[in-house]
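Peer 1: What follows is a predicted structure for the sequence shown.
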Amino acid sequence: MHVFVFICFILWIYMLTVFHRGKLYFFRFLWGSIGLFLFLMIIVQPVATPVLQSLVSSMAGIIGKITGMYSSYYEYGILFIQHGNSAISLYIDYECSGIIEMMVFVAMVAFFQVYEPGQRVVVGILGCLGIFFANIVRIFTICAIIYFFGNNSYYFAHTIAGRIVFYVMSVGLYYFTFTKAQVVKQKVGGFSYAEHLTDTGS
């Protein structure tokens with residue numbers, strides 16, 4: 001398995017150089033992002049997931065303790081919610097840790113040519129922090145709905161409400177990271193968009 005991954009990594013690097021020499025920047029971004037995501041999921045994900053599970057449950061547990069809505073057993077990645085005489089336990093598993101979303105974001109930023117290499121590192125770190133806190137808000141939303149409306153609301157809280165909250169925040173992050181950055185740095189009539197606005201306002 002390790003040999004196969006290494007061979008794939010060499011092939012991935014080689015194709016990146018081919019796309020770079022051919023100035024095929026879109027294909028370089030596509031090939032690079034997908035490849036890096038897969039390698040991160042193979043190499044980094046198994047190590048990072050348990051750490052993220054503990055951090056997410058700990059941070060969510062702090063909010064739960066402050067609000068009194070639920071308690072956290074971060075050693076096991078479990079949140080315990082009690083509503084009246086009924087109770088439910090939520091396990092922060094692989095999908096709830098946010099690792100997939102972080103790996104996707106990092107892979108895309110790494111090959112997004114609008115940013116300089118140093119900027120990509122900073123944006124990648126800040127983006128992962130943003131995804132982490134968006135995930136905390138999502139989990140708190142799920143727990144709050146269950147706390148107020150009982151165990152029967154679990155499906156709505158987890159499948160619908162929680163995802164809507166998380167994806168709305170993620171769309172905002174992607175807009176500021178990719179769309180707005182692209183617009184601001186593109187050339188318009190020989191001037192960058194930011195410079196054009198400055199000249200107009202003066």
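Peer 2: Yep, that arrived.

Peer 1: got the domain boundaries for this structure?
Peer 2: 1-43, 47-186 (automatic domain parsing).

Peer 1: Can you tell me the element residue 120 falls in?
Peer 2: For residue 120, the element it lies in under DSSP states H and E is helix 117-149.

Peer 1: For residue 86, give the beta-bridge partners.
Peer 2: residue 83 (DSSP bridges).

Peer 1: I figured it hits residue 152, correct?
Peer 2: No - counting by CB atoms under 8 Å, residue 152 is not a contact partner of residue 86; they are 9.2 Å apart. (C-beta placed from N, C-alpha, C; glycine too.)

Peer 1: Next up, phi/psi of residue 79, please.
Peer 2: When quoted as degrees, to the nearest 10, the phi and psi of residue 79 stand at phi -110, psi 130.

Peer 1: ugh, typo on my part, it should be residue 96
Peer 2: According to degrees, to the nearest 10, residue 96 has phi -80, psi -10.

Peer 1: now the strands: where do they sit in this structure?
Peer 2: Secondary structure of the chain (DSSP state E): strands at 70-73, 78-83, 86-91, 187-188, 191-192.

Peer 1: Ok, which of these comes nearest residue 166?
Peer 2: strand 86-91 (14.8 Å; CB to CB).

Peer 1: list the helices and strands the closest one packs on?
Peer 2: Secondary-structure packing of strand 86-91 (3 or more CB pairs under 8 Å, 6 or more residues apart in numbering; DSSP states H and E): strand 78-83, helix 117-149.

Peer 1: and with 10 Å instead?
Peer 2: Under the contact definition 3 or more CB pairs under 10 Å, 6 or more residues apart in numbering; DSSP states H and E, strand 86-91 sits against helix 45-67, strand 70-73, strand 78-83, helix 117-149.

Peer 1: Redo those as TSV? Include distance to residue 106.
Peer 2: Formatted as TSV, the helices and strands packed on strand 86-91 follow (distance: least, CB to CB, whole Å):
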stretch	distance to residue 106
helix 45-67	11
strand 70-73	27
strand 78-83	27
helix 117-149	5
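
Peer 1: Out of the ones you listed, the one nearest residue 25 is which?
Peer 2: Here helix 117-149 is closest among the helices and strands packed on strand 86-91 (CB to CB), at 15.1 Å.

Peer 1: can you tell me the average pLDDT over that closest one?
Peer 2: For helix 117-149, mean pLDDT rounds to 94.

Peer 1: related to what we said a few turns ago, any chance of TSV for the strands of the chain, columns mean pLDDT and distance to residue 33?
Peer 2: Converted to TSV, the strands of the chain look like this (pLDDT from 0 to 100; distance: least, CB to CB, whole Å):
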stretch	mean pLDDT	distance to residue 33
strand 70-73	89	34
strand 78-83	88	33
strand 86-91	87	31
strand 187-188	47	24
strand 191-192	42	25
